[in-house]
Every structure is written in C-alpha cells, then in structure tokens.
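> Model the structure of this input:
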Amino acid sequence: MPSAFHVTLRLLQLMSSVLVLGLSAYLVHHFTDVQRQNIPTALDMELDLLLAISTFSLLTIYCLEFLPYFGNIVLNPYHEFFAEAAVAGLYFGTFIALAVSVSKLYKCTSPLCAAARADTVFAALSYAAWITSATAKAMRLSHRNKEEHRAGYVREDMEKNKA
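Next up is the predicted model:
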C-alpha cells in the first residue's frame, strides 16, 4: 500500500506533467498555427523537448503505477529508480535550457511570454517532484540493501557457529 507521501508525489508529478504538456502545446500551436510563423529560435528546441519529456513522464507514471496493479507485471525496483532519475534528469536539462532562452526575451510582455515563463516554472516543479521521488526510491533501495547485507552476515555467522 503506497504511503500518503508517495500518492501526493505522484499526483504532483501527474499534474505538473499535464500542465507542462498543455502549456508547451499551447505555445507551439500558437506560434505555428495561429500566427503562421516559425517558433522563435530561442524556444524551438526547448518546447519540443518539453512536449516529449512531459509525454514520457506521463507514460512513466502509467508504467510505474498502473501496470503493476492492472497488468500483473512486477517491476524491478532498480528499473523504477532509473526511470524516475531519467525523467528528473531530462526535466532538469530542459528547464535550465528553457530558462536561459526565456531570459533572452526580457522585453517581451505578451501573454505568450508569460506562458513561456509559466512553462519554465512548471518544468522546474516537475523536476523537483521527480528528483524527490528518485531520491526517496534510492533511500529505500539503500536501506533494503543494507538490511539484506546485514541479514547475509547474520546467516553466515549462524552457519559458522553451527559447524
């Protein structure tokens, strides 16, 4: 049974990923379809990456949370940790790149620039949620490995004493 911390963290990840996906899609749609112009080169790659990463994070949440319950699939905890750390790393790199690009638009006061700034903030929030999740998973794995290691030594000592 997941703890309240785990459920809250997953909900935060889900909401922030949906917000980042929505804001990035809005920006890409507005620049390409509404204004019929290319996306400013300062935001082109970062918005594409945020679209891909937020989709990947939604798929990761689905795989980590719903497949074990509904798909009868047992996931290796190390694979879970790697997936969470990978999403966190991707969000980190992309929100830093987007923050640098948005900072170059310092004279922009339109709603699109506000949406780009909000996208940066929610990408940073997503990074914080994913890195917290990965750190908590790493701490659980470390604690589990220490217990298994300690239990192994106890078993070996008991076998030596019996002989």
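
> residue ranges with poor pLDDT in the chain?
Residue ranges of the chain with pLDDT under 70: 1, 34-42, 148-163.

> just the helices in it please.
4-29, 44-61, 67-70, 77-103, 111-162 (DSSP state H).

> Next, format those as a markdown table and append mean neighbour count.
Quick note: C-beta positions are derived from backbone N, CA and C, even for glycine. Formatted as a markdown table, the helices of the chain follow (neighbours: other CB atoms under 10 Å):
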| stretch | mean neighbour count |
| --- | --- |
| helix 4-29 | 18 |
| helix 44-61 | 20 |
| helix 67-70 | 11 |
| helix 77-103 | 18 |
| helix 111-162 | 15 |
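
> Let's see stretch 68-88 as PDB, backbone CA atoms only.
C-alpha atoms of stretch 68-88 as PDB (Å, rounded to 0.1, in the frame of the first residue of the first chain):
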ATOM      1  CA  PRO A  68       1.800  -3.400 -11.600                       C
ATOM      2  CA  TYR A  69      -1.800  -3.300 -10.400                       C
ATOM      3  CA  PHE A  70      -3.700  -3.900 -13.600                       C
ATOM      4  CA  GLY A  71      -1.200  -5.600 -15.800                       C
ATOM      5  CA  ASN A  72       0.200  -8.100 -13.300                       C
ATOM      6  CA  ILE A  73       3.700  -7.000 -14.100                       C
ATOM      7  CA  VAL A  74       6.400  -7.000 -11.400                       C
ATOM      8  CA  LEU A  75       8.900  -4.200 -11.900                       C
ATOM      9  CA  ASN A  76      12.400  -4.300 -10.700                       C
ATOM     10  CA  PRO A  77      13.000  -1.500  -8.200                       C
ATOM     11  CA  TYR A  78      16.200  -0.600  -9.900                       C
ATOM     12  CA  HIS A  79      14.400  -0.100 -13.200                       C
ATOM     13  CA  GLU A  80      11.900   2.100 -11.400                       C
ATOM     14  CA  PHE A  81      14.700   4.200  -9.900                       C
ATOM     15  CA  PHE A  82      16.400   4.500 -13.300                       C
ATOM     16  CA  ALA A  83      13.100   5.600 -14.900                       C
ATOM     17  CA  GLU A  84      12.500   8.200 -12.200                       C
ATOM     18  CA  ALA A  85      16.100   9.500 -12.300                       C
ATOM     19  CA  ALA A  86      16.000   9.700 -16.100                       C
ATOM     20  CA  VAL A  87      12.800  11.800 -16.200                       C
ATOM     21  CA  ALA A  88      14.300  14.000 -13.500                       C
END
